[in-house]
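need a 3D model of the sequence below.
(chains A and B)
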Amino acid sequence: MARSKFQLRNAQSPVLRYGLAVLSVSVALGGALLIERLRLRNITLFLFAIAVAAWYGGTGAAMLALLLSCISFAYFFIEPSHTLYISRSDIPYFILFALFAWLVSWFSSVRQRVEADLLQAREKLEIEVSERSSLLNLTHDTIFVRDMSDSIRFWNRGAEELYGWTPEQAIGKISHELLRTVFPSPLDDIQAEFLRTGRWEGELKHTKADGTQVIVASRWSLRRDEREQPIAVLETNNDITVRKRREQEIQSLNQELAKRSTELEAINKELEAFAYSVSHDLRAPLRHMAGFAELLRNSAAASLNEKSRRYLTVILEAANRMGTLIDDLLAFSRISRAEAHYSTVSLKQIVQDAIAEVRQDANERKIVWKIDSLPEWYGDRSMLRQAMVNLISNAVKFTRARSQAEIEIGCTDHQNDHVVLFVRDNGVGFDMKYSNKLFGVFQRLHPQEAFEGTGIGLATVQRIVQRHGGRVWAEGKVEGGATFYFSLSRTGAH
Amino acid sequence: MDSFGRILLVEDDPKDVELTLTALDEYNLANEVVVATDGEQALDYLYYRGKFMRRAPENPAVLLLDLKLPKVDGLEILQQIKVDEKLKMIPVVVLTSSHEEKDMVASYKLGVNAYVVKPVDFHEFVNAIKQLGIFWAVINEAPPGSARKG
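Reported below is the predicted structural model:
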């Protein structure tokens, strides 16, 4: 409204403006004559005419209207009529006309000034908005502005890139309909909170122009005018579809992991029950086989021939070997199952203890021991001792054929977080192409008759080393000795 | 039944009973043995119940206890003995097939006097049983109220 009135005022030519003054006064005169005829004297219509001329015609028109009103009033309404004679008592009428004309002209000029200011402000705002628009178009973020009836008013380049509609296509559309928004909670609740706080953040599902769905992290901020009336909503959306998908993947992986871990726990329990049962129930019949075979040998020794006695011996040996195998296997499984007790240990002390234990079985053999300086480390004392015993007893066993066995125990790499130890011997060695079989359970590279054993020792070493966050490997050649290395980690122990 | 023994052997497997008695026989200790073939019988013996209602009123000098037993298992028997004022002084030796650490720990926590794993090898087995029999029934001074060698 204000805008159209303003335009009317600006567009008026002087002819029109002054014509307006003449016309309004003529209309007032006609009206007044009519009233005069009815014997009423009234100046209201003249005042109205002056007001109209002043308001719409400006100061010049107001002056003309004032002049014409005065003449008309003097000529037609002041006695003697049809003359321009006026008495002193009639002067207040003219002063009233003049005052009124001045007042309305003043109002008019004030209004004009206010309107000019307003126009300037609006122009500034428009410049600002267009500047901002170009700034908002620079960002990759998706930004659009909608009015309070959700009709899109501004649509930046990011929005076009994300959703696929150009500003021309999007502006004027209802945003939630265009984007087929899926809200996390009822829209009424969201709107209520938004109007109360002026801000809202949440995840929305939108459908793009090509029909695919995106998940966005949406932020709304409310713009209010000077009278605190909400006028627009600035909505910034970030595409988090990929992130959400990753999150879901992680979540489902976590669930899978939890399931696996439960399964593993169950399997571990079963394994423990199995080991327990093996330990109790498999050893008893073996003991009986061995026991009664022995009793048979004692009671029937005289009546048995050589062959029969050998059969009995084989039965006894087999039973004993089976017992050893079961014991070793259980010991191996215990290393995986047992809780480790980690503390600071002296590797030198562990090696010395292990040598002392192995020496008992080495009898009269001539063995040259070479032990380097070894650091203190963090680990399970009894497990590390077991690993050392196994490695050193292997070294002793496989150097049996040497007239002088040489066994060296040392440390090749000592860092803050890990250490590498080795046990080297000058024994029968092994073929490197079988080195991958060394650490398997029941894997043996030598026949039982040459070197006794169950094939559990190195598997046990590997398990112990793994529990200390390390690994074990070996170097050797046939008849050229063997070196077994293992690393221990300070942080990887579990 | 007027039987009383200086050794109470609690063992459900007749073959193990036979082997154990054979081993003890070498030192003439077999006839000092009373055998209970399950946990309930063992408790009947200790509390003068059932077929042991009229046995001689003395505690055995030692109790050789298997852990895996029908009805009442070895650890339960051990627990009952060790909380009973009249029985807690009886030396109890667990004699089991198992190397299981948790059994061993549980036994010692309940106050067992010794824990022996039966060896598979018969010579070792006989040796172990013999030494047990000699130590607990002959060398060791049994607590007051135990059956004594006549």
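
what's near enough to touch the spatially most central residue of chain B?
With the centre of chain B defined as its mean C-alpha position, the nearest residue by C-alpha atoms, centre = their mean is residue B:64, 2.0 Å away. Residue B:64 sits next to B:7-11, B:20, B:93, B:95, B:132 when contact means C-beta atoms under 8 Å, 6 or more residues apart in numbering or on different chains. For the C-beta atoms, the positions are set from N, CA and C on the backbone; glycine is no exception.

how about those in CSV, adding neighbour count, pLDDT and secondary structure?
Conversion of these to CSV gives the following (neighbours: other C-beta atoms under 10 Å in any protein chain shown; pLDDT from 0 to 100; DSSP: H, G, I helix; E, B strand; the rest coil):
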residue, neighbour count, pLDDT, secondary structure
B:7, 23, 89, strand
B:8, 24, 92, strand
B:9, 25, 93, strand
B:10, 27, 93, strand
B:11, 23, 92, coil
B:20, 28, 90, helix
B:93, 19, 94, strand
B:95, 24, 91, strand
B:132, 21, 88, helix
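
same list, those residues, but only the ones touching chain A.
For chain A, no contacts are drawn from the contacts of residue B:64 by C-beta under 8 Å from any C-beta of the partner chain.

ok so, going back, so the residue nearest to the centre of chain B, which of the three states?
Assigned by DSSP: H, G, I helix; E, B strand; the rest coil, the conformation of residue B:64 is strand.

against chain A, how distant is it?
Here the criterion is C-beta to the nearest C-beta, to the nearest Å. By it, residue B:64 lies 15 Å from chain A.

tell me which residues form a beta bridge with that residue?
Each beta-bridge partner of residue B:64 is listed here, defined by DSSP bridges: residue B:9, residue B:93.

quick one: residues contacting the one residue in chain B that gets nearest to chain A.
Among residues of chain B, the one nearest chain A by C-beta to the nearest C-beta turns out to be residue B:120. It sits 3.1 Å away. Residues in contact with residue B:120, defined by C-beta under 8 Å, 6+ apart, are A:283, A:286-287, A:290, A:319-320, A:322-324.

quick one: which of those residues is nearest residue A:99?
Closest approach between the contacts of residue B:120 and residue A:99, by C-beta to C-beta: residue A:283, at 128.3 Å.

which stretch of helix or strand covers that closest one?
Assigned by DSSP states H and E, residue A:283 belongs to helix A:283-300.

beyond that helix, next helix or strand please.
In the C-terminal direction, the helix or strand that comes right after helix A:283-300 (DSSP H and E) is helix A:306-337.

wondering if that next one reaches chain B at all.
Yes - using C-beta under 8 Å from any C-beta, helix A:306-337 comes into contact with chain B via A:316, A:319-320, A:322-324, A:327, A:330-331, A:334.

are any of those buried, and which?
Buried members of these, counted by 16 or more other C-beta atoms under 10 Å in any protein chain shown: A:316, A:319-320, A:322-324, A:327, A:330-331, A:334.

between those residues, which sits nearest chain B?
Closest approach between these and chain B, by C-beta to the nearest C-beta: residue A:323, at 3.1 Å.

which residue ranges form the helices in chain A?
Listed in chain order, the helices of chain A (DSSP state H) span residues A:2-11, A:14-37, A:44-72, A:91-138, A:157-163, A:167-170, A:175-178, A:187-197, A:241-277, A:283-300, A:306-337, A:347-362, A:381-398, A:457-467.

now chain B
If you assign secondary structure with DSSP H, the helices in chain B sit at B:14-25, B:39-46, B:74-83, B:101-109, B:122-134.

looking at the ones you listed, which is buried most?
Among the helices of chain B, judged by mean count of other C-beta atoms under 10 Å in any protein chain shown, the one packed with the most neighbours on average is helix B:39-46 (a mean of 22).

helices or strands next to that one in the packing?
Contacts defined by 3 or more C-beta pairs under 8 Å, 6 or more residues apart in numbering or on different chains; DSSP states H and E place helix B:39-46 against strand B:7-10, strand B:33-36, helix B:74-83.

nearest to residue A:80, out of these?
Of all those, the one in closest proximity to residue A:80, counting by C-beta to C-beta, is helix B:74-83 (142.2 Å).

show me what that closest one is in contact with.
When contacts are defined by C-beta under 8 Å, 6+ apart, helix B:74-83 is touched by residues B:10, B:39, B:42-43, B:46, B:63, B:65-69, B:87-88, B:90, B:92, B:94, B:96, B:103, B:106-107, B:110-112.

do that again at 7 Å, thanks
B:10, B:39, B:42-43, B:46, B:65-67, B:87-88, B:90, B:92, B:94, B:106-107, B:110-112 (C-beta atoms under 7 Å, 6 or more residues apart in numbering or on different chains).

by how many degrees do it and helix B:39-46 diverge?
Angle, helix B:74-83 to helix B:39-46, by axes from the mean of the first three to the mean of the last three C-alpha atoms, to 10 degrees: 20 degrees.

between helix B:74-83 and helix B:101-109, how big is the angle?
With the same axes, to 10 degrees applied, the angle from helix B:74-83 to helix B:101-109 works out at 10 degrees.

who in chain B is up against chain A?
Taking C-beta under 7 Å from any C-beta of the partner chain as the test, the list of chain B residues beside chain A reads B:13, B:15-16, B:19, B:22, B:68, B:97-100, B:118, B:120-122, B:125.

which non-adjacent residue is nearest the residue of chain B closest to chain A?
If you skip the residues right next to it in sequence, residue B:120 has residue A:323 as its closest partner in space, 3.1 Å away by C-beta to C-beta, 6 or more residues apart in numbering or on different chains.

ok, residue A:224 next?
Nearest in space to residue A:224, with sequence neighbours left out and distances taken as C-beta to C-beta, 6+ apart, is residue A:230 at 5.4 Å.

residue contacts, the one you found?
Taking C-beta under 7 Å, 6+ apart, one finds A:148, A:195, A:222, A:224 in contact with residue A:230.

any of those residues buried? List them.
When neighbours are counted using 16+ other C-beta under 10 Å, those contain these buried positions: residue A:222.

so where is the chain shaky, pLDDT-wise?
Went with chain A since none was named. Screening chain A residue by residue with the criterion pLDDT under 70, one finds the ranges A:1-12, A:35-42, A:125, A:128-129, A:492-494.

um, chain B though
Applying pLDDT under 70 to the predicted model, the residue ranges of chain B that meet it are B:1-5, B:147-150.

before we move on, the earlier item: ok, which pair from the contacts of residue B:120 is furthest apart?
Taking C-beta to C-beta as the measure, the contacts of residue B:120 have their most distant pair in A:287 and A:324, spaced 12.8 Å apart.

burial of residue 98, as a residue count?
Picking chain A for this. Residue neighbour count, defined by other C-beta atoms under 10 Å in any protein chain shown, stands at 17 for residue A:98.

you answered for a different chain; I wanted chain B.
24.

looks like it contacts residue A:278 (just checking).
No - because the distance of 9.4 Å does not satisfy C-beta atoms under 7 Å, residue B:98 is recorded as not touching residue A:278.

next, show the common contact partners of these two.
Counting by C-beta under 7 Å, 6+ apart, residue B:98 and residue A:278 have no common neighbour.

bridged to the closest residue to residue B:104 other than its chain neighbours, which residues?
Of all residues beyond its chain neighbours, the one nearest residue B:104 is residue B:115 (5.4 Å), with distances taken as C-beta to C-beta, 6+ apart. In this entry, residue B:115 is beta-bridged to residue B:94, by DSSP bridges.

what is the burial count for residue B:115?
17.

show me the contacts for it.
Applying C-beta under 7 Å, 6+ apart to residue B:115 gives the contacts B:94, B:104, B:107-108.

again with residue B:24
Residues in contact with residue B:24 (C-beta under 7 Å, 6+ apart) are B:30, B:33, B:129, B:133.

same thing with residue B:22?
By C-beta under 7 Å, 6+ apart, residue B:22 lies in contact with residue A:295.

may I see the buried residues of stretch A:196-206?
Here stretch A:196-206 shows A:200, A:204-206 as buried, counting by 16+ other C-beta under 10 Å.
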